[in-house]
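Kindly generate the corresponding structure for this input.
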Amino acid sequence: MNHFAKIAAQLRSHDLDGVLLTNEANRFYASGFHSAGTDGMALVTPEEFYYFTDSRYTEAARRHIQGADIREVGAGRGYSALLQEAVQRHHIRRLGFEDAYMTVREHGFYARALPCELVPAADLLAELRAVKDPEELEILISAQRIAEKALADILNEIRPGVTEKEIAARLQYLMLHYGAEDKSFDPIVVSGPNGSLPHGVPSEKVIQAGEFVTMDFGCVYRGYCSDMTRTVAVGSVTDEMRRVYDTVLRAQLAGIAAAKAGATGRAVDGAAREVIEQAGYGPCFGHSFGHGVGVEIHEGPNATPSNDKPLPAGAVISAEPGIYLPGRLGVRIEDVLYLTEDGCQNLTLAPKDLLIL
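The predicted structure follows:
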């Protein structure tokens with residue numbers, strides 16, 4: 001799978017003769033091939049597609065990338081030389097570049113090396129990546145199922161005496177065991193008073209009876225990310241713990257009910273936020289309802305209070321409200337949604353009624 005043709009089809013509407021892709025995630029989106037860091041470059045023109053890399057990746061690139069001219073950099077023929085040849089061959093005058101990613105130094109280098117104008121074009125890629133095609137959706141669902149298998153197993157291992165770090169390590173192992181290529185981010189596993197840290201780092205803290213355990217984790221499968229959060233209780237819960245959990249779940253369901261193509265990110269976030277505010281926990285929900293998920297764990301579009309733009313059909317966003325009581329406890333519940341004109345499809349199947357282990 002690659003998206004060279006889809007990118008090329010947008011060049012004319014953006015008044016571009018080509019677009020240069022140096023960012024790792026955009027290179028993968030275009031080519032379907034992963035090479036780490038700066039070890040690769042893609043060029044999309046209306047007539048032809050190119051992928052430049054070095055000898056460590058050339059053979060693999062030729063095996064995996066379809067429909068593109070694979071060229072190898074080497075001594076005396078670096079990326080700028082190969083790119084300059086292609087720019088001249090295709091008479092490129094306006095070349096798009098990723099202004100959201102390219103450094104000032106890199107921009108200066110290519111501006112001097114290339115006989116064309118560099119035009120900001122990060123939005124072109126962001127808009128395309130925000131709308132998932134059917135194959136991308138199937139991969140995202142598969143990634144989600146891997147994470148859910150890991151969750152089902154880890155629930156049998158959460159008990160008093162186990163540390164947050166141990167649970168986090170096991171989650172990573174289980175996702176790899178079930179077919180993941182990597183984790184999509186460092187797992188968050190926090191318990192008891194650590195639960196009030198939305199992005200807390202797993203520690204040597206021992207899980208105790210009567211505590212919540214929040215697990216936020218995901219994996220990478222065929223280049224795409226999953227993301228989910230579940231909060232479970234160990235042994236027992238207090239009335240306050242149950243009240244907080246039920247409020248977060250009601251807020252999430254309200255946001256999911258509001259999530260559809262054409263709704264603004266602000267409206268979706270607001271539907272969930274209103275539930276939490278009415279329950280008296282408004283100041284305890286500091287982050288947004290959700291973010292886009294795809295090649296990167298955080299990408300557009302976002303369901304945030306500041307996003308007044310309509311969400312596009314085909315977008316995949318997280319649904320993750322939370323309540324955090326400093327030094328006491330925290331609850332977050334997260335699913336991933338696929339937006340349609342009529343509503344949304346919840347890609348997450350894991351149960352989320354309060355589970356007491």
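
For the rest of this, base every contact and every neighbour count on C-alpha atoms.
Fine.

Tell me if I'm right that residue 304 and residue 290 touch.
Yes: here residue 304 lies in contact with residue 290, judged by Cα atoms under 8 Å, at a distance of 6.7 Å.

Identify the contacts common to these two.
Residues touching both residue 304 and residue 290 (Cα atoms under 8 Å, 6 or more residues apart in numbering): residue 269.

Give the residue from those two that has the larger number of neighbours.
The residue with the greater number of neighbours, taking residue 304 and residue 290 and applying other Cα atoms under 10 Å, is residue 290; the counts read 26 against 19.

residues contacting that one?
With contact taken as Cα under 8 Å, 6+ apart, residue 290 is in contact with 269, 302-304, 317-321.

Residue 250 now?
With contacts defined as Cα under 8 Å, 6+ apart, the neighbours of residue 250 are 272, 275.

Please repeat the previous calculation with a cut-off of 10 Å.
The neighbours of residue 250, taking Cα atoms under 10 Å, 6 or more residues apart in numbering as the test, are 244, 256, 272, 275-276, 321.

Reformat these as a markdown table; add distance to residue 313 and neighbour count.
Written out in a markdown table, the entries for the contacts of residue 250 read as follows (distance: Cα to Cα, whole Å; neighbours: other Cα atoms under 10 Å):
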| residue | distance to residue 313 | neighbour count |
| --- | --- | --- |
| 244 | 32 | 22 |
| 256 | 15 | 26 |
| 272 | 20 | 28 |
| 275 | 25 | 21 |
| 276 | 27 | 25 |
| 321 | 22 | 28 |
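
any chance of the residues you listed in TSV, with secondary structure and distance to residue 152 too?
Below are the contacts of residue 250 laid out as TSV (DSSP: H, G, I helix; E, B strand; the rest coil; distance: Cα to Cα, whole Å):
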residue	secondary structure	distance to residue 152
244	helix	23
256	helix	23
272	helix	27
275	helix	29
276	helix	28
321	coil	22
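
what sits up against stretch 194-201?
By Cα under 10 Å, 6+ apart, the list of residues contacting stretch 194-201 reads 164-165, 168, 186-191, 202-203, 205, 211-216, 231, 284-287, 322-332.

give me that answer again for 7 Å
Outside of stretch 194-201, the residues within contact range by Cα atoms under 7 Å, 6 or more residues apart in numbering are 188-190, 214, 324-331.

List only those of the residues you listed flagged as buried.
Among the contacts of stretch 194-201, those that count as buried by neighbour count (16 or more other Cα atoms under 10 Å) are 188-190, 214, 324-325, 328-331.

Tell me the one among those residues nearest to residue 249.
Comparing these against residue 249 with Cα to Cα places residue 331 closest, at 9.3 Å.

okay but the closest one is in contact with residue 325, surely?
No: here residue 331 lies out of contact with residue 325, judged by Cα atoms under 7 Å, at a distance of 9.0 Å.

What's the separation between the spatially most distant residue from the centre of the chain and residue 82?
Distance from the C-alpha centroid of the chain, by Cα atoms, centre = their mean, peaks at residue 76 (37.5 Å). Distance of residue 76 to residue 82, computed by Cα to Cα, to the nearest Å: 10 Å.

Same check on residue 338?
40 Å.

Give the residue from the two that has the larger number of neighbours.
residue 338 (25 against 16).

if you skip the residues just before and after it, what's nearest to the more buried one?
The shortest distance from residue 338 to any non-neighbouring residue, by Cα to Cα, 6 or more residues apart in numbering, is to residue 316 (4.5 Å).

That'll do, ta.
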